[in-house]
Structure formats: C-alpha cells, structure tokens
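Student: After the sequence you'll find the predicted model.
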Amino acid sequence: MPNNRLNEPSSQSIIFEKPTLTHYKSNKDYVIDLKLPSKIEFTHSQDRIAKVIHIKLTGILFKPEEYRVSMGLLTSFHVQTNKGDSILTVSLKRPLRYTIEWKEGHTLSLTLKNIMSRTSIRPINKDVIDFHFKTFNVDLHNDLLIHMFMKNISLSKGNPFTQCDMNRLQQGGTQALFFAIWVPDFFVKDQEKYHFYKHYFEKFKQYKGKPFQLALDLIAKLKEEVSKNDSIKIAMSSDDLINNFKHKTKSALMGMEGAHPLEGRIDRLKTIYDAGVRYIGITWSNSNAFADAAGYTEHGGLTPLGERLIKEMMKLGMLIDVSHLSDKAFYDIIKITQSDYPLIASHSNPRKLLDHKRNLSDDMIKAIQKSNGVISVVYHSGFLTKNRRATIEDVLDHIDYLVGKTSINHVALGSDFDGFIKTPLGLENMSRLPNLTLGLYHRGYTFKDIEKILGTNFLRVFKRVESLRHKDPGG
Ligand SMILES: [Zn+2]
C-alpha cells in the first residue's frame with residue numbers, strides 16, 4: 001500500500017526552502033516538502049527501484065481540478081486520501097524526469113523509495129538539460145565490452161545487470177566513450193588469487209596462453225556490435241570524434257586496460273593501433289612485463305621493456321594512461337615524457353579525498369597538469385568514499401578537488417561503468433549523466449566550465465598527442 005511505503009525507514013527528506021528550488025537540505029527521511037510554484041520538474045536517480053513515486057499532499061485533500069500532470073513519461077497515476085492528506089502514486093515509463101503542474105501555494109511532499117543516503121534529486125533546469133544534450137562529452141573508461149563478449153550481450157539492448165547500452169547512452173546524452181580492451185587471461189593462470197572472477201573462467205580457458213588473440217577478438221566483437229547500430233560509429237581520431245558529433249552520431253573508441261596482452265612484444269603495438277586502440281593503460285591490477293601495478297614493487301616501477309613501450313607509443317601518438325600504475329612506474333613515465341607529452345588518468349580519483357592506491361597523490365595530479373593532460377574522475381564507490389555507498393555528491397566533491405588542485409582544464413570523466421557494482425546514487429548507470437551536468441551547474445560551474453569537463457579537455461589532449469605522432473622522443 002502506498003501509505004505504508006511512505007513510512008518505510010529507508011526514506012530521507014529533502015526540503016526545498018525556496019519556490020525557485022535552487023536550494024535544498026537533507027533530513028532523516030525522504031520526504032520533499034515544497035511550497036509549490038505552478039510548475040516543478042525533477043530528475044530522480046533510481047532506475048531499477050523507484051519506478052513508482054508517491055507524492056503526499058499534507059493537510060489538503062486532493063482535488064483533481066487543482067493539478068495537472070504531464071503524462072509523457074507516466075504510465076499510471078492514482079490518488080488515495082488519508083486523514084486529510086492525499087497520496088498520489090505515479091508510475092514512470094522512463095524514470096528520467098517528470099513534470100507536475102500545480103496551483104500555487106500548496107505544500108507537496110514527495111517521497112522516493114529506497115534512497116539510502118544523500119540523494120541526487122535536483123530541480124531540473126531546462127536550459128541545463130538542453131545544454132547537456134547539445135554538448136560534446138566523452139567517457140574515458142567503460143567495461144561493457146568484456147560482458148558483451150562473455151555473455152553475448154548486445155550493445156543495442158544491454159541487459160538488466162549492465163550499466164550501459166544504446167538506450168542508456170541515448171537517455172544520458174553520452175556522445176563518445178572508450179571501451180576497455182581488457183584481457184583477463186591471468187584468471188586462468190591464477191585462479192586462486194582472482195577467485196572472485198570465477199564466472200569468467202570457463203569462457204576464457206580457450207584463451208589460456210593467448211591473451212593477444214583475446215584482445216583482437218574483443219576488438220572484433222566491439223566493431224561487430226557497433227556496426228549493428230546506425231547511431232554509433234568507431235572513432236579513431238579527434239577528427240572522427242568531431243565529425244560524428246556534428247552528424248549526431250555517437251563515437252565508440254578503444255583503450256587497452258593493461259599492456260599484458262602484448263606479451264612483451266613491442267611489435268604488436270602497431271597492430272592494435274591500426275585496429276583502433278588509442279590509449280593503453282600500461283597495467284591493470286596485475287603487474288606485467290612492462291611495469292608494476294598499483295601496490296606492487298617487483299619490477300621497481302617501469303621495466304626497460306616498459307620504457308621502450310612508452311617511447312613507441314609516443315612515436316605513434318597514442319595516449320598514455322597512468323591509471324592502475326604503481327607510483328614508481330608513474331614517475332618513471334614522467335621521466336620519459338617530461339612535460340611535453342600530455343598524460344591521461346582514464347579512471348582515477350584524488351588520494352587526498354580517499355586514500356587508495358588506485359587514486360592519485362596531489363603530486364601526481366600536479367605532474368599530469370604539468371603535462372597538460374587530464375585526470376578522469378571514476379564513479380566507483382570504492383574510489384570515492386569509505387564505509388558507505390557513494391552518491392553523486394561525492395563524485396562532484398572529487399571533481400571540485402581536482403579543479404581546485406589544478407584548474408578547470410585538467411579534469412575529465414571516466415565512469416568505469418560495468419567495471420564495478422557499487423555505483424553512486426544519482427549516477428547508477430549511463431543514463432544518469434544529465435544529473436552530473438545538473439550537479440556541476442548547481443555547484444556554480446558555468447556552461448563553459450562544464451563543457452571542458454565533459455569533453456573538450458580530453459579533445460585538447462587527444463589532438464595534442466596526435467600532433468606529436470612520429471616525433472622521435474629520442475633515447
Ligand atoms: Zn580499471
């Protein structure tokens with residue numbers, strides 16, 4: 001019954017104090033009280049859970065002639081009255097946003113189920129949403145491909161357990177994203193250590209000892225899935241990105257997460273570059289022939305082979321991704337690239353806000369700034385907060401910190417969607433991206449600023465690296 005649901009302990013309250021809805025504060029329960037203007041609009045964050053919204057009108061009996069609900073996204077709408085209150089139950093077809101128009105002067109309580117902590121409910125500013133959908137944006141890290149490959153999931157449809165598919169890219173207004181070419185061959189070698197990935201083992205047994213083949217097969221799978229959709233194309237250059245964007249076509253890019261599929265062979269770099277891979281994260285969580293991963297010291301940082309890899313990548317004009325590397329390997333790379341070659345951290349956060357080996361120290365952040373590169377904020381709760389599920393506010397805190405430490409020119413986005421489970425409230429999957437733009441706007445970022453974070457900072461880095469192609473770094 002709606003009435004019981006309203007009293008569920010897992011609710012929280014947000015009180016909008018001004019009819020303009022630009023300010024709110026949170027309390028213990030999840031009821032929004034509003035002095036209503038004649039029209040309100042909200043986004044809300046719960047894709048899988050809050051498909052039903054209960055709206056409680058305190059102290060007034062609901063009279064149908066006093067409201068108008070825009071039905072575009074609603075499938076059903078009914079009213080129940082109780083002790084002088086009215087409760088409206090609203091089902092949403094597509095829970096991105098909804099609009100309610102009302103007579104002025106009433107108080108509206110809006111209850112959203114299952115929102116566990118600070119919530120992302122924000123008033124929609126239509127200009128901001130319009131801006132979002134018109135603005136170039138790029139996500140530097142997404143792990144959907146391995147799931148598509150493993151479980152034969154289609155890019156068009158995804159499945160209920162993935163955080164990304166064409167629909168959600170559409171709903172979120174995502175323009176471009178890097179699919180990770182991530183090769184988990186070592187699971188087979190090292191089953192005990194990676195026991196939490198045991199569901200992968202069967203499928204990957206055939207690739208035992210053939211990680212390079214698996215990388216090529218992943219690339220082929222992505223191309224096959226992309227070719228089935230008219231609204232997305234493979235992009236291999238900054239020009240491709242811009243052209244696709246102009247033609248309202250999304251871009252699929254490729255970044256390799258961990259250089260281990262090369263099996264120590266530098267000559268294979270050209271093969272994957274020609275296939276379209278534009279960045280390489282030198283390691284994933286496992287160390288390899290080229291470098292130590294975060295938290296490891298066995299090679300003492302970058303190996304001599306790793307040094308050669310970096311120099312060859314620079315010749316090709318490939319992006320060098322430092323996420324997942326050990327600190328020592330990071331600084332070894334800086335020694336080679338100096339400040340002439342912009343680096344990216346495709347999915348890493350500042351260590352100052354969460355002390356984790358996968359996050360970056362202030363000094364590393366400054367070094368990336370000095371290279372004129374970008375740090376892409378990752379949405380994984382485990383890299384945002386300790387001991388609780390993160391919310392979109394934490395993601396915004398990390399962005400604020402990075403902007404404060406560097407400038408507006410060195411921050412980007414690298415969701416890592418489909419690479420983790422604990423998503424932040426408000427950014428549960430790709431369709432939630434407009435919430436981030438709204439959040440930035442409400443924190444005082446201008447459209448120009450937001451444009452940089454969403455996409456043009458990365459574009460600058462991509463162009464610069466392309467322009468350095470074939471330049472011999474020497475040594
Ligand atoms: Zn990762």
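Tutor: Nice, thanks for sending it over. Numbering: from 1, shown residues only.
Student: Okay, and residue 427 sits in which element?
Tutor: For residue 427, there is no enclosing helix or strand under DSSP states H and E.
Student: Burial check on it, number of neighbours?
Tutor: Neighbourhood size, residue 427 [other C-beta atoms under 10 Å]: 26. (Glycine included, C-beta is placed from N, CA and C.)
Student: hang on, it packs against residue 396?
Tutor: No. Counting by C-beta atoms under 8 Å, residue 427 does not reach residue 396; the two are 9.8 Å apart.
Student: where do the contact lists of the two overlap?
Tutor: residue 436 (C-beta atoms under 8 Å, 6 or more residues apart in numbering).
Student: Show me what the helix of greatest length in the chain is packed up against.
Tutor: Determined from DSSP state H, the single longest helix within the chain is helix 211-227. With contacts taken as 3 or more C-beta pairs under 8 Å, 6 or more residues apart in numbering; DSSP states H and E, helix 211-227 sits against helix 144-151, strand 176-181, strand 232-234, strand 250-257, helix 268-275.
Student: Against which helices or strands is the shortest one packed?
Tutor: Just to be clear, that refers to strand 232-234. helix 211-227, helix 238-246, strand 250-257.
Student: Save those as JSON lines, and put in mean pLDDT, mean neighbour count and distance to residue 468 too.
Tutor: Below are the helices and strands packed on strand 232-234 laid out as JSON lines (pLDDT from 0 to 100; neighbours: other C-beta atoms under 10 Å; distance: least, C-beta to C-beta, whole Å):
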{"stretch": "helix 211-227", "mean pLDDT": "96", "mean neighbour count": "18", "distance to residue 468": "24"}
{"stretch": "helix 238-246", "mean pLDDT": "98", "mean neighbour count": "17", "distance to residue 468": "13"}
{"stretch": "strand 250-257", "mean pLDDT": "98", "mean neighbour count": "25", "distance to residue 468": "18"}
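Student: And these: which comes nearest residue 292?
Tutor: Closest to residue 292 of those is strand 250-257 (C-beta to C-beta; 15.7 Å).
Student: Report the angle between that closest one and helix 144-151.
Tutor: Put simply, strand 250-257 runs at 80 degrees to helix 144-151, going by axes from the mean of the first three to the mean of the last three C-alpha atoms, to 10 degrees.
Student: Compare the helices and strands packed on helix 211-227 and say which comes out lowest on pLDDT.
Tutor: Mean pLDDT is lowest for helix 144-151 among the helices and strands packed on helix 211-227, at a mean of 90.
Student: can you tell me which residues contact residue 308?
Tutor: Listed by C-beta under 8 Å, 6+ apart, the contact set of residue 308 reads residue 266.
Student: Okay, it and residue 132: tell me how far apart.
Tutor: Distance, residue 308 to residue 132, by C-beta to C-beta, to the nearest Å: 42 Å.
Student: Could you export the helices and strands packed on strand 232-234 as TSV, including distance to residue 202?
Tutor: Below are the helices and strands packed on strand 232-234 laid out as TSV (distance: least, C-beta to C-beta, whole Å):
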stretch	distance to residue 202
helix 211-227	14
helix 238-246	36
strand 250-257	22
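Student: nearest to residue 385, of these?
Tutor: Closest among the helices and strands packed on strand 232-234, using C-beta to C-beta: strand 250-257, at 23.3 Å.
Student: And that closest one, what does it pack against?
Tutor: strand 138-142, strand 176-181, helix 211-227, strand 232-234, helix 238-246, strand 277-281, strand 319-321.
Student: and those as JSON lines, adding distance to residue 346?
Tutor: Listed next are the helices and strands packed on strand 250-257 as JSON lines, based on distance: least, C-beta to C-beta, whole Å:
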{"stretch": "strand 138-142", "distance to residue 346": "4"}
{"stretch": "strand 176-181", "distance to residue 346": "7"}
{"stretch": "helix 211-227", "distance to residue 346": "16"}
{"stretch": "strand 232-234", "distance to residue 346": "18"}
{"stretch": "helix 238-246", "distance to residue 346": "16"}
{"stretch": "strand 277-281", "distance to residue 346": "6"}
{"stretch": "strand 319-321", "distance to residue 346": "5"}
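Student: Figure out which of the ones you listed is closest to residue 262.
Tutor: Nearest of those (C-beta to C-beta): helix 211-227, 6.7 Å.
Student: contact partners of that closest one?
Tutor: 145-146, 148-149, 154-156, 179, 181-183, 185, 204, 207, 232-234, 252, 254, 256, 260-263, 265, 268, 271-272, 275-277.
Student: repeat for stretch 293-301
Tutor: 283-287, 291-292, 306, 324-329, 331-332, 357-358.
Student: Just the ones of those residues in helices?
Tutor: Those of the contacts of stretch 293-301 lying in helices (DSSP H): 306, 327, 328, 329, 331, 332.
Student: Can you name the two of these that sit furthest apart?
Tutor: 306 and 327, at 14.5 Å, using C-beta to C-beta across the ones in helices among the contacts of stretch 293-301.
Student: more crowded one of the two?
Tutor: The residue with more neighbours, out of residue 306 and residue 327, is residue 306; 25 against 19, by other C-beta under 10 Å.
Student: Near the nearest residue to that one once chain neighbours are set aside, how many other residues are there?
Tutor: Spatial nearest neighbour of residue 306, excluding adjacent residues (C-beta to C-beta, 6 or more residues apart in numbering): residue 290 at 3.6 Å. Look at residue 290: counted by other C-beta under 10 Å, it has 26 neighbours.
Student: From residue 165, how far out is residue 290?
Tutor: Counting by C-beta to C-beta - residue 290 and residue 165 are separated by 33 Å.
Student: same question, residue 131
Tutor: Distance from residue 131 to residue 165, by C-beta to C-beta: 24 Å.
Student: who's more crowded, these two?
Tutor: Shown here are residue 131 and residue 165; by other C-beta under 10 Å, residue 165 has more neighbours (22 against 18).
Student: for the more buried one, what are its contacts?
Tutor: 144, 153, 154, 155, 156, 157, 158, 159, 430.
Student: Are any of the residues you listed buried, and if so which?
Tutor: Buried by 16 or more other C-beta atoms under 10 Å: 144, 153, 155, 158, 430, out of the contacts of residue 165.
Student: Counting only helices, which of those make the cut?
Tutor: residue 144.
Student: Please name every helix or strand in contact with the helix or strand containing residue 202.
Tutor: In this structure, residue 202 sits in helix 201-205 according to DSSP H and E. Helix 201-205 sits against helix 186-189, with contacts defined as 3+ C-beta pairs under 8 Å, 6+ apart.
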